[in-house]
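Asks: predicted model and sequence below, questions to follow.
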Amino acid sequence: YNVVQLSGVQIIIMLAALQSISPSLYEAAYAEGAGGFEKFWLITLPMSASSIVLCLIYSIINSFVAYDNPVVKLTKQMMTDMKYGYSAAMSWTYFVIVFVILAAVYAVGNRAAFTYDKQR
């Protein structure tokens, strides 16, 4: 239940990505004799790679700011205990760690994503 509850935005993003793939690409692949395996690996996956990266980044952010995250719980507890300095320091450190993780995911995912202006 929890997975379905938290994956609504990702489902909509992937549905939009799959609907944006031109049917003429699949028709050309069919005319060339490509099977379902080739259509998926050579058309569907590369054309939706940027949306997959977006869904991955959204899921990572969602997991890092969830209310059941221990770091978020500890930060809230420190705020109620009037330890604002520790809470601020921990929040900024947590922000930098999350930013580094997201930058790494974006850098790796951006290399795999298909764009029309890349020269390959």
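Replies: Received, thanks. Numbers count the residues shown, from 1 in each chain.

Asks: all helices of the protein, in order?
Replies: In chain order, the chain shows helices spanning 2-6, 8-19, 23-32, 36-39, 45-47, 49-64, 70-80, 84-112, with DSSP state H as the criterion.

Asks: distance of Ile62 from Lys83?
Replies: If you look again at residue 62, you'll see it is Asn, not Ile. Going from Asn62 to Lys83 by C-beta to C-beta, to the nearest Å gives 27 Å. Any C-beta I mention is one placed from the backbone N, CA and C, and that applies to glycine too.

Asks: list the buried residues of stretch 31-42.
Replies: Applying a neighbour-count criterion of 16 or more other C-beta atoms under 10 Å, one finds Ala34 buried in stretch 31-42.

Asks: likewise stretch 57-72?
Replies: Phe64.

Asks: report the mean per-residue pLDDT for it.
Replies: For stretch 57-72, mean pLDDT rounds to 87.
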